[in-house]
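**Q** what's the 3D shape of this:
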Amino acid sequence: NGNFNIILNPKLTIGLTFNASYTKQRVNNSIESGFGHGSGGYGIAGNIIQQALWFAPIIPVYTANGDYGQYMQGEFAPYFPKGYANPVANLKETHDLYSRNNMTGRLYLNYEIIKDLSLNTSFGGRLNSYYRDWHVSPYLAGTSSPYANFSNPIYQNIRAGQENGMSNSWTAETYLDYNHIFGNVHDINFIVGYSMEYNGSRSTSSTASSNNRGTANAANPIPAFDNYFRPNIYGAALILGGGGFGENAFQSIFSRLNYSYKDKYLLMGSIRRDGSSKFAPDNRWGIFPAISGGWRISKEPFMENSTWIDELKLRASYGVSGNDQFGNYAWQGKVSYGNLYTYGDPDSGGSGTGKALIPSSIENRNLKWEVNEQFDFGTDISIFGERINLSADYFIRKTKDMLLYRSLPLENGITSSLFDNIGNMVNKGIE
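**A** Numbering: from 1, shown residues only. The predicted structure follows:
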């Protein structure tokens, strides 16, 4: 990691912060629910530590012929139930490595254009990538293969997989910042700027099973879907793959004004125009204003003689914010693949079937921002040398166009729900 702040001249400062890391981890999950293990019918309960605690001390780690000692095998089988395992076998006959690269950084620049007016710009980002490979050997015993061991490998239970992915995000922001005090009583701060954000990820995965060995056995372990660990999946009779991709972007134009008179009367106003790619093109932008004010009564001349009140402040605010916290592509109609379609003459039962694409969700171009509108009235009190402090608020929060799933009649033939703006809600309270 590093942190650099360079003052090039009295008006210009640039800086850089960054952090990079690489980790490699061996994952020892439960055989029952671990990565790739749960689908193999092993039925083994607990993780490595739990298995070690549960393992009966009369069962050896290895038997005289070099096999693993197992609950379900040999002389121990009549006395113990299924569902427990030799923890050493789990450690040695399962392989699960997880490698991660993580990088974060931020570059910034501050330039004083004239006295009290500065330009600030920054760019920051994050990049994460990972690679994972796993393998389960034929010597691992489970409920579906209770007699698997070195002397009796169950090759059809070999499974392996690989997964890799990458995610990245970045934020770019530029704004002008003006600060000035007029006549020692009027304190003004004004900001106007623009920002942009991006988030994206993609991943691919593959799994291999159904070892295609034919007449192969322990003495002749060819072909290549090996009986021990390899960082690949080749040689299996069944190889399946998958992947995923997603991205979203966010833009904002914003401004804010802070005003203070003698640090006694306070006023703040802001407005921002936000755009999110998660909404349909016609509804991506929203305008969200806010205003607040405060009166520090303890600063008034008539409070000067008060010896027990340190701070007394009344405040009120009103603001509007938007919510776009949901998954990508929610407004778009989607399709699914894999359903069988029969073609040919239906009277003769069709001439064949093929996989087809069918709609799985309904497009909603009217999806728009969920809007939260809040009024707040409050007071802050500090007394007896700030030994006792109290903040009290009364608020009214109105949520409009709530983002929820709307139930649909099944007769539409596609889906039972639609993501939509379907409700309003009001919350009131004192805190």
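
**Q** Any buried residues in whatever helix or strand N189 lives in, and which?
**A** Assigned by DSSP states H and E, N189 belongs to strand 186-211. Neighbour counts over strand 186-211 (16 or more other CB atoms under 10 Å) mark 187, 189, 191, 193, 195, 198-199, 203, 206-209, 211 as buried. Where C-beta positions appear, they are placed from N, C-alpha and C, glycine not excepted.

**Q** Turn those residues into JSON lines, columns for pLDDT and distance to T307.
**A** Converted to JSON lines, these look like this (pLDDT from 0 to 100; distance: CB to CB, whole Å):
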{"residue": "D187", "pLDDT": "96", "distance to T307": "28"}
{"residue": "N189", "pLDDT": "97", "distance to T307": "33"}
{"residue": "I191", "pLDDT": "98", "distance to T307": "39"}
{"residue": "G193", "pLDDT": "98", "distance to T307": "45"}
{"residue": "S195", "pLDDT": "98", "distance to T307": "47"}
{"residue": "Y198", "pLDDT": "97", "distance to T307": "56"}
{"residue": "N199", "pLDDT": "97", "distance to T307": "55"}
{"residue": "S203", "pLDDT": "96", "distance to T307": "65"}
{"residue": "S206", "pLDDT": "86", "distance to T307": "76"}
{"residue": "T207", "pLDDT": "82", "distance to T307": "75"}
{"residue": "A208", "pLDDT": "80", "distance to T307": "80"}
{"residue": "S209", "pLDDT": "75", "distance to T307": "80"}
{"residue": "N211", "pLDDT": "62", "distance to T307": "86"}
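
**Q** Packing partners of the strand holding N189?
**A** Applying 3 or more CB pairs under 8 Å, 6 or more residues apart in numbering; DSSP states H and E, we find strand 186-211 packed against strand 159-182, strand 236-261.

**Q** Show me which of those has the highest average neighbour count.
**A** Highest mean neighbour count among those (mean count of other CB atoms under 10 Å): strand 159-182, with a mean of 16.

**Q** Which elements pack onto that strand?
**A** By 3+ CB pairs under 8 Å, 6+ apart, strand 159-182 packs against strand 117-136, strand 186-211.

**Q** Which strands border the last one, and is each parallel or antiparallel?
**A** Based on DSSP bridges, the strands next to strand 186-211 in the sheet, each with its direction, are strand 159-182 (antiparallel), strand 236-261 (antiparallel).

**Q** Turn those strands into TSV, columns for distance to S270.
**A** Below are the strands paired with strand 186-211 laid out as TSV (distance: least, CB to CB, whole Å):
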stretch	distance to S270
strand 159-182	12
strand 236-261	4
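
**Q** Nearest to E386, out of those?
**A** strand 236-261 (21.3 Å; CB to CB).

**Q** Show me the shaky parts of this protein.
**A** 28-46, 76, 78-83, 210-235, 344-352 (pLDDT under 70).

**Q** Dihedrals phi and psi, the residue of the chain positioned farthest from its centre?
**A** The C-alpha centroid of the chain is most remote from N305, which lies 55.1 Å away (CA atoms, centre = their mean). With angles defined as degrees, to the nearest 10, N305 sits at phi -90, psi 0.

**Q** try P301
**A** phi -60, psi -30.

**Q** so how many other residues sit close to it?
**A** 6 (other CB atoms under 10 Å).

**Q** again, but for T342
**A** Using other CB under 10 Å, T342 has 12 other residues around it.

**Q** could you pull out the strands for the stretch 251-400 of the chain?
**A** Here the stretch 251-400 of the chain has its strands, by DSSP state E, counting those that start in this stretch, at 265-276, 285-296, 309-323, 335-343, 352-359, 370-383, 388-407.

**Q** got a markdown table for those, with distance to I114 too?
**A** As requested, the strands of the stretch 251-400 of the chain are arranged in a markdown table below (distance: least, CB to CB, whole Å):
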| stretch | distance to I114 |
| --- | --- |
| strand 265-276 | 24 |
| strand 285-296 | 29 |
| strand 309-323 | 32 |
| strand 335-343 | 57 |
| strand 352-359 | 59 |
| strand 370-383 | 36 |
| strand 388-407 | 39 |
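
**Q** Could you measure from D282 over to L127?
**A** Distance of D282 to L127, computed by CB to CB, to the nearest Å: 33 Å.

**Q** again with Q162
**A** Look at Q162 and L127: by CB to CB, they are 21 Å apart.

**Q** coming back round to it: any chance of the helices and strands packed on strand 159-182 in JSON lines, plus distance to K299?
**A** Supplementary listing: these in JSON lines, determined by distance: least, CB to CB, whole Å:
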{"stretch": "strand 117-136", "distance to K299": "29"}
{"stretch": "strand 186-211", "distance to K299": "13"}
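
**Q** before we move on, the earlier item: more neighbours: which of D282 and L127?
**A** More crowded of D282 and L127, by other CB under 10 Å: L127, with 15 against 10.

**Q** What residues are bridge-paired with that one?
**A** Applying DSSP bridges, one finds that L127 bridges with M103, N168.

**Q** List the contacts of it.
**A** Going by CB atoms under 8 Å, 6 or more residues apart in numbering, L127 touches 101-104, 166-168.

**Q** Same question for G243.
**A** Per CB under 8 Å, 6+ apart, neighbours of G243: 202-205.

**Q** Could you do D420 as well?
**A** By CB under 8 Å, 6+ apart, the contact list for D420 reads 364, 366-367, 403-406.

**Q** hmm, which of those are the buried ones?
**A** Buried among the contacts of D420 (16+ other CB under 10 Å): 364, 367, 403.

**Q** For I309, list each beta-bridge partner.
**A** I383.

**Q** mind checking how far it is from S391?
**A** As for I309, its distance to S391 is 15 Å (criterion: CB to CB).

**Q** what do you get for P87?
**A** 54 Å.

**Q** and if you look at Y341?
**A** Distance from Y341 to S391, by CB to CB: 64 Å.

**Q** L404 now?
**A** From L404 to S391 the distance is 33 Å (CB to CB).

**Q** now I287
**A** 30 Å.

**Q** Equivalent analysis for E112, please.
**A** For E112 relative to S391 (CB to CB), the value is 37 Å.

**Q** same question, A56
**A** Relative to S391, and taking CB to CB, A56 is found at 60 Å.

**Q** likewise N199?
**A** In this view, N199 and S391 are 35 Å apart by CB to CB.

**Q** for the spatially closest residue to D187 that is not a sequence neighbour, which residues make a bridge with it?
**A** Using CB to CB, 6 or more residues apart in numbering and skipping residues adjacent in sequence, the residue nearest D187 is S260, 4.2 Å away. Beta-bridge pairing for S260 (DSSP bridges): D187, L266.

**Q** Many thanks, we can stop here.
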